[in-house]
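Q: structure of the sequence below:
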Amino acid sequence: MFIARQPIFNTQLEVYGYELLFRLNSRSTQFGGVSSQGATAMVITGLFESGLENLIEDKIAFINFDEIFIHSEAVELIKPDRMIVEMLENIEVSSNLMARLADIKAMGYSIALDDFAQTYQTYPLTPLADIIKYDLLVTPLDTIAADIPAGLAQGKILLAEKVETQEEFLKAKALGFSLFQG
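A: Model prediction:
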C-alpha cells in the first residue's frame with residue numbers, strides 16, 4: 001500500500017497542505033479499483049502506520065470521503081486542526097449525509113467539496129462547505145466566473161485544482177482563489 005501526497009499551495013506558493021490519495025503500488029497513478037471506502041480507510045490507516053507528521057509534516061491533510069464512509073467513526077481519529085474532510089464529487093446527497101456533515105462541522109472539522117461542478121446557489125452541500133474545489137479541466141475559470149463572487153461573499157475558500165501553468169495560477173488568484181493544486 002502506498003499513499004500519494006499532492007501538495008496544495010497558498011497564494012505565495014507555500015505548501016498549505018496535502019491531499020492524501022491511496023495507491024495500490026509505487027507506479028499507480030489512480031486508486032486502482034479499490035472502493036472509495038477502502039481507499040479512504042487505507043489512507044487513514046497509513047497515517048497511523050507512517051505517522052501523521054511523517055506524511056504531512058506540520059501541514060493539513062485533505063482526505064476524500066464518500067457518503068458511506070463519512071458515517072464511520074474513522075473521521076474522528078484525526079484531529080480537526082490536521083484534516084480537511086473532502087467530500088467526493090459523485091456522492092448521493094441525503095438528509096442523513098447533511099446531518100452528519102453538520103455534526104462534523106460542529107466538532108471543528110472543515111469540509112471541502114471536491115471537483116465541484118454543481119450549481120453553486122442550489123447545491124444542498126454548499127452551505128456546509130468551507131472550501132470549494134474547482135477542477136479547472138472540468139470547470140474552466142470562464143464558466144464559473146459568476147459563482148466566484150457568491151462563494152467569496154459567503155466566506156468560502158476557493159481552491160483551483162489541476163492548475164498546470166503560471167497563467168492559470170495568476171488568473172485564478174486574480175479571481176479570488178486562495179489555494180492551488182496541480
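Q: contacts only, for S178.
A: For S178, the contacting residues are N10, T11, I157, L158, L159, taking CB atoms under 8 Å, 6 or more residues apart in numbering as the criterion. Any C-beta I mention is one placed from the backbone N, CA and C, and that applies to glycine too.
Q: could I get those as JSON lines with distance to I78 and secondary structure?
A: Below are the contacts of S178 laid out as JSON lines (distance: CB to CB, whole Å; DSSP: H, G, I helix; E, B strand; the rest coil):
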{"residue": "N10", "distance to I78": "21", "secondary structure": "coil"}
{"residue": "T11", "distance to I78": "26", "secondary structure": "coil"}
{"residue": "I157", "distance to I78": "19", "secondary structure": "strand"}
{"residue": "L158", "distance to I78": "24", "secondary structure": "strand"}
{"residue": "L159", "distance to I78": "19", "secondary structure": "strand"}
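Q: of those residues, just the buried ones, PyMOL syntax please.
A: The PyMOL command for the buried members of those (criterion: 16 or more other CB atoms under 10 Å) is given here:
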select buried, resi 157+158+159
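Q: distance to K171 and pLDDT added to the contacts of S178, as JSON lines?
A: Putting these into JSON lines (distance: CB to CB, whole Å; pLDDT from 0 to 100) gives the following:
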{"residue": "N10", "distance to K171": "16", "pLDDT": "98"}
{"residue": "T11", "distance to K171": "13", "pLDDT": "98"}
{"residue": "I157", "distance to K171": "18", "pLDDT": "98"}
{"residue": "L158", "distance to K171": "13", "pLDDT": "98"}
{"residue": "L159", "distance to K171": "15", "pLDDT": "98"}
